[in-house]
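Peer 1: coords please:
(one chain, ligands or ions: 1)
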Amino acid sequence: MSARKSYEAPRLRQLAVGPMGKHRLVDVLPASVVEGGWDAAELVARFGSPLFVVSEERLRALYGSFRETFTGDGVTTRIAYSYKTNYLPALCAVMADEGAWAEVVSGMEYSLARALGIPAADIVFNGPYKTRAELERAIGEGALVNIDGFDELAIVETVARSVGRTARIGLRINFRVDNQLNWNKFGFSVEHGEAEEALARVAGRRRLRLVALHNHCGTYNVDPGIYTRAVRALLQVARSARRLGLAPTTIDLGGGFPSANALKPAFAAPGVARRSGEALGDFADAILRPLARARGLFGPSPTLILEPGRAVVDSAMQLVCTVVATKEIAGQGAVVVDAGVNIVPTAYWYNHHVDAVDGAESEVADGMRQVTVYGPLCMQIDVLRDQVLLPPLAVGAPLVIHNVGAYCLTQSMQFIQPRPAVVMIGPDGPVVIRRREEWRDIFALDSVPGRLRREGYAL
Ligand SMILES: Cc1ncc(COP(=O)(O)O)c(C=O)c1O
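Peer 2: Just a heads-up that it's a prediction; the model follows:
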């Protein structure tokens with residue numbers, strides 16, 4: 001019988017990021033163990049478990065690589081980081097330090113961007129619902145407002161008049177993809193003539209300056225061709241705009257670029273189980289080539305805005321959690337950990353890479369077996385990862401769930417369990433950038449009418 005390997009705690013190690021060539025993104029930073037020599041067990045011992053860990057170095061590398069990949073001759077590329085993907089203030093501050101603009105979709109996100117010192121001119125305000133007060137502020141301060149529909153267009157004109165400014169606007173455009181209206185909740189439809197109609201309403205309005213045409217064609221797009229279709233659709237609209245005497249200077253193609261995560265087969269496009277490990281160069285070509293051929297439509301020196309979310313943050317954040325129980329369920333191995341789908345909602349559609357020891361998921365060692373990793377919530381669907389190869393695990397062992405930077409924190413909820421702390425590992429080592437929630441935080445907004453308070457009431 002072969003000797004069992006003794007259990008070794010996972011180590012978070014610094015990833016050597018080599019020189020980054022153009023047109024490389026995901027493959028520069030493979031989904032493997034992180035970070036600066038920090039031991040996962042040591043981190044949770046110090047900061048508590050579960051614990052989100054942001055790597056500042058990875059974040060900067062992902063951002064820099066993305067920007068470089070999408071930089072082409074004759075266009076000025078601006079990266080407006082999508083706040084909704086992960087609006088940890090410290091993370092947004094790193095993005096700003098790298099030169100990112102902010103893409104926001106609510107007054108709350110707008111206020112955060114401004115509070116972080118982002119100039120209004122570097123903010124792209126998107127989304128289907130902006131209140132009048134939010135529009136007054138954004139237009140008054142000179143942000144770019146991408147208009148989502150005719151009602152908003154009318155309000156924006158009134159607001160511009162009332163704040164005495166010319167509103168810098170974009171029109172969000174949607175177009176038919178493969179005979180389906182893709183993301184057609186948003187913007188003005190090309191096929192239904194709404195885009196033309198919107199241009200006609202903007203033309204000749206003193207208080208409206210059409211700066212941009214915008215499209216965001218979906219999320220985790222695996223087909224670069226969709227961006228070529230988006231460029232062509234927006235070029236067609238730009239042609240109409242110029243005929244009406246409008247002069248857009250900016251093409252905004254939104255986000256939607258894939259990250260280093262693996263989609264579950266049920267959600268992947270046929271034949272494309274994952275793009276993880278592939279580069280984004282073909283996405284850049286899909287945008288920059290058709291744009292280069294017709295860029296006069298956006299003036300002599302067009303600006304290309306991209307609004308990446310998951311592609312620039314997903315693999316910059318990991319979650320360290322701890323095994324709290326081990327089980328055999330109908331002859332299958334199972335572990336229960338202290339982190340659930342309330343903080344990793346992406347576990348519903350990603351097969352997140354899980355490590356117990358370095359590279360455990362891919363290295364077959366003695367004693368390893370397929371186990372299901374359950375969270376601590378009182379719900380059967382609380383599964384962080386189904387059937388993953390792991391070594392024998394005892395209660396107290398840390399596990400690392402990889403690539404949880406996108407949409408985990410912003411879509412997390414305090415369901416049964418409060419949310420964990422977040423540390424960022426930067427030049428000074430790990431620093432707490434969000435403290436752990438206590439039970440009192442969850443009820444801080446509540447009150448119980450006096451007549452219902454019992455002896456011992458302490459809320
Ligand atoms: C308008 C807009 N821009 C950017 C993004 C970021 O998308 P992703 O994280 O897929 O890059 C989204 C996400 O849905 C969006 O709606």
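Peer 1: Checking my notes, residue 266 in a strand, right?
Peer 2: No. Under DSSP: H, G, I helix; E, B strand; the rest coil, residue 266 sits outside any strand and is assigned helix.
Peer 1: Count residues in the vicinity of it, would you?
Peer 2: Residues near residue 266, counting by other C-beta atoms under 10 Å, number 6. From N, CA and C alone the C-beta is placed, and that goes for glycine too.
Peer 1: can you give me the strands in the stretch 1-150 of the chain?
Peer 2: Ranges of strands in the stretch 1-150 of the chain, per DSSP state E, counting those that start in this stretch, are 11-12, 38-39, 51-55, 76-82, 101-104, 123-125, 144-147.
Peer 1: Please save the CA atoms from the last one in PDB.
Peer 2: Spelled out, it's strand 144-147. Written as PDB, here are the backbone C-alpha positions of strand 144-147 (Å, rounded to 0.1, in the frame of the first residue of the first chain):
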ATOM      1  CA  LEU A 144     -20.900  61.400 -19.700                       C
ATOM      2  CA  VAL A 145     -24.500  60.200 -19.400                       C
ATOM      3  CA  ASN A 146     -25.400  57.300 -21.600                       C
ATOM      4  CA  ILE A 147     -29.100  57.600 -22.200                       C
END
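Peer 1: Give me the mean pLDDT for that strand.
Peer 2: Strand 144-147 shows a mean pLDDT of 98 in the predicted model.
Peer 1: before we move on, what about the longest one?
Peer 2: Mean pLDDT, taken over the full extent of strand 76-82, equals 98.
Peer 1: what bits of the stretch 51-200 of the chain have low per-residue confidence?
Peer 2: Residues of the stretch 51-200 of the chain meeting the criterion pLDDT under 70: 178-182.
Peer 1: give me the number of residues near the single nearest residue of it relative to the ligand?
Peer 2: Nearest residue of the stretch 51-200 of the chain to the ligand, counting by C-beta to the nearest ligand atom: residue 82, 3.6 Å away. Residues near residue 82, counting by other C-beta under 10 Å, number 33.
Peer 1: Mind listing the residues bridging to it?
Peer 2: Counting by DSSP bridges, residue 82 is bridged to residue 103.
Peer 1: That one against residue 256, yeah?
Peer 2: No. Between residue 82 and residue 256 there is no contact under C-beta atoms under 8 Å: 9.6 Å.
Peer 1: Up against the ligand, what does the stretch 251-400 of the chain have?
Peer 2: The stretch 251-400 of the chain comes close to the ligand at residues 254-257, 307-311, as judged by C-beta under 6 Å from any ligand atom.
Peer 1: if we go to 8 Å?
Peer 2: Contact residues (C-beta under 8 Å from any ligand atom) of the stretch 251-400 of the chain with the ligand: 254-257, 259, 307-312.
Peer 1: Point out where the stretch 201-350 of the chain drops to low pLDDT.
Peer 2: In the predicted model of the stretch 201-350 of the chain, residues 269-278 satisfy pLDDT under 70.
Peer 1: what about residue 445, which helix or strand?
Peer 2: Assigned by DSSP states H and E, residue 445 falls within no helix or strand.
Peer 1: Count the neighbours of it for me.
Peer 2: Around residue 445 there are 6 residues (other C-beta under 10 Å).
Peer 1: returning to what we had before: residue 279 is nearest to which of the strands of the stretch 1-150 of the chain?
Peer 2: Of all the strands of the stretch 1-150 of the chain, it is strand 76-82 that lies closest to residue 279, at 16.8 Å by C-beta to C-beta.
Peer 1: Off-centre distance for the closest one?
Peer 2: Relative to its parent chain, strand 76-82 has a centroid offset of 14 Å by C-alpha atoms, centre = their mean, to the nearest Å.
Peer 1: For it, list the C-alpha coordinates in PDB.
Peer 2: This file holds the C-alpha atoms of strand 76-82, laid out as PDB (Å, rounded to 0.1, in the frame of the first residue of the first chain):
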ATOM      1  CA  THR A  76      -7.500  56.700 -27.700                       C
ATOM      2  CA  THR A  77      -8.600  53.800 -25.400                       C
ATOM      3  CA  ARG A  78     -10.200  54.600 -22.100                       C
ATOM      4  CA  ILE A  79     -11.000  51.900 -19.600                       C
ATOM      5  CA  ALA A  80     -14.000  52.800 -17.500                       C
ATOM      6  CA  TYR A  81     -14.000  50.100 -14.800                       C
ATOM      7  CA  SER A  82     -17.400  48.700 -14.100                       C
END
